[in-house]
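Participant: Just to be clear, the model below is a prediction. Sequence and coordinates:
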Amino acid sequence: MKRSLVILNFTHSYETQPFLRQYPASWIDCTRLQGTDCYCSPESYRQLQEMLAPFPPEGLHLIDSGDYHYVTKLWTDKIDRPFSLVLFDHHPDMQPTLFDELLSCGCWVRTMLDTNPFLQKVCLVGANEALKSEMEGYDSRLIFFSEQSLASKKAWQFFSERHIHEPLYLSVDKDVLSPRFATTNWDQGSMTLPQLESLLHIIMAHDDVVGIDVCGELPPYLSQAGDDTAINEASNRSLIEFIGKYAVQDAPA
């Protein structure tokens, strides 16, 4: 995988995490875009396509709050061969779109399954079992590991041996983590950061991981205390260092 780091700055949240400046990275200023929060207007979608055009899907991409998780679609649209998506998210993001012309943080996975000819299947990890109904009609292309089933390492070994046969793109929404390890503006799961990294290790042992993105920041205007930033900065640092063994340029000494 190409060793690169791209940071999409929508809410200024990454500016409150100075450790990120230690890494060679491409910062993309998205703060002036209109019509991007949760829903992405057609005009903003075209602007984002232009802004991301110089960058390949390989490497690690930080995409800010989960309100912008639909940006994963823009990264994966760049992949020109069959691939599968492994998605860590407390929500399936499989809701029917409310408006045909609007991509949203709640429907982007369904949109990808409906429109991307190279997407073979989606493995959704960490969503609440109660939300499984959103996946009806896509059973043959969805593999579901609920929040309640994550403790089974044997199940993950089975998944890696049986279901990984093509290139992978990984996407992590930190709302899959418990509030001890991340502070987001969405309801959160119960996974620990060591659990997440253990599962990522199993998946990233696969020879062909195309790229990875991470979202789930808390916009600064919603932060109640400095602890919010400290928690997210610690989790981001740990994830970047962990993923960096595979994909990201090392921070300078």
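Facilitator: Nice, I can see it. Numbers count the residues shown, from 1 in each chain.
Participant: which non-adjacent residue is nearest residue 68?
Facilitator: residue 10 (5.4 Å; C-beta to C-beta, 6 or more residues apart in numbering). The C-beta positions use only the backbone N, C-alpha and C, and glycine is treated the same way.
Participant: Return the residues in contact with residue 135.
Facilitator: Contact partners of residue 135, counting by C-beta atoms under 8 Å, 6 or more residues apart in numbering, are 92, 94, 124, 142, 144.
Participant: where do the helices sit along this structure?
Facilitator: Taking DSSP state H to define them, one finds helices in the chain at 42-52, 71-76, 108-115, 153-162, 193-204, 226-243.
Participant: Kindly provide the distance from residue 169 to residue 105.
Facilitator: Distance, residue 169 to residue 105, using C-beta to C-beta, to the nearest Å: 17 Å.
Participant: re earlier: nearest to residue 44, of the contacts of residue 135?
Facilitator: Proximity of the contacts of residue 135 to residue 44 was ranked by C-beta to C-beta; the top entry is residue 94 with 22.2 Å.
Participant: List the residues that contact the closest one.
Facilitator: Counting by C-beta under 8 Å, 6+ apart, residue 94 has contacts 107, 109, 110, 134, 135, 138.
Participant: Look up how far residue 28 lies from it.
Facilitator: 27 Å.
Participant: Span of stretch 68-86 from start to end?
Facilitator: 17 Å (C-alpha to C-alpha, to the nearest Å).
Participant: any idea of the mean pLDDT in that stretch?
Facilitator: In this model, stretch 68-86 carries a mean pLDDT of 96.
Participant: ditto for stretch 124-141
Facilitator: On average, stretch 124-141 scores 77.
Participant: Quick one: end-to-end length of it, please.
Facilitator: Termini of stretch 124-141 sit 11 Å apart (C-alpha to C-alpha).
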